[in-house]
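*Asks:* give me a model of this one.
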Amino acid sequence: MSVWLAIANPYGYDLAMDKAISEAKKGETSLHVVFFICRDSMGNIMHDLGEMGWLGAGSFRSLQNSMLEGYRCLADDVIARVKRKAKSVDLVVEGVVEKPSLKQYVDEILDRKAEKIIIAGSRSLNLKPDIFPDCVEYYEGD
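*Replies:* Residues are numbered from 1 along each chain as shown. Below is the predicted model:
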């Protein structure tokens, strides 16, 4: 059995993190943690800013690259915090994953025979949690 924590919201993941640590302890199994960057959501935000006239073509690409780099840097801090909080379990750091969609990545984790997946999500992902199977818990942070 394996428990996975996918952090897609670097500002609201405490509840999901605590739940994942608890599940790993209860199941006496390892906890895999991944910082997830949704390329589609990032692109949608940039597109919306462009449509509203806030961004031109050059600034669009520059801002998108800057935001992605910022999220990658933020991932180090978030994963370090999870390491400090999850000392009581066997932690497997999967690192940063950038995919077009969270649903696609969850399917990949399920293919790896994960028993439980806990997601720290956000409103910007525009997901309906009921698209996931029962072994996936979705927590929408602030």
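*Asks:* the strand or helix carrying Val82 packs against which elements?
*Replies:* Assessed by DSSP states H and E, Val82 sits inside helix 57-85. Secondary-structure packing of helix 57-85 (3 or more C-beta pairs under 8 Å, 6 or more residues apart in numbering; DSSP states H and E): strand 2-7, helix 14-27, strand 30-38, helix 39-51, strand 91-99. C-betas here are computed from N, CA, C, even on glycine.
*Asks:* go through the following helix or strand past the last one and flag the buried ones.
*Replies:* Beyond strand 91-99 in the direction of the C-terminus, DSSP H and E gives the next helix or strand as helix 102-111. By 16 or more other C-beta atoms under 10 Å, the buried positions in helix 102-111 come out as 102-103, 105-106, 109-110.
*Asks:* returning to what we had before: looking at the helices and strands packed on helix 57-85, spot the one closest to Glu137.
*Replies:* helix 14-27 (6.7 Å; C-beta to C-beta).
*Asks:* pull the closest one out as PDB, backbone CA atoms only.
*Replies:* Only the C-alpha atoms of helix 14-27 are listed here, as PDB (Å, rounded to 0.1, in the frame of the first residue of the first chain):
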ATOM      1  CA  ASP A  14      -2.100  21.800   5.900                       C
ATOM      2  CA  LEU A  15      -5.300  19.800   6.100                       C
ATOM      3  CA  ALA A  16      -4.300  17.500   3.200                       C
ATOM      4  CA  MET A  17      -0.800  17.100   4.600                       C
ATOM      5  CA  ASP A  18      -2.000  16.200   8.100                       C
ATOM      6  CA  LYS A  19      -4.500  13.700   6.600                       C
ATOM      7  CA  ALA A  20      -1.800  12.100   4.400                       C
ATOM      8  CA  ILE A  21       0.600  11.700   7.300                       C
ATOM      9  CA  SER A  22      -2.200  10.200   9.400                       C
ATOM     10  CA  GLU A  23      -3.100   7.700   6.600                       C
ATOM     11  CA  ALA A  24       0.500   6.700   6.100                       C
ATOM     12  CA  LYS A  25       0.900   6.100   9.900                       C
ATOM     13  CA  LYS A  26      -2.400   4.200  10.100                       C
ATOM     14  CA  GLY A  27      -1.500   2.000   7.100                       C
END
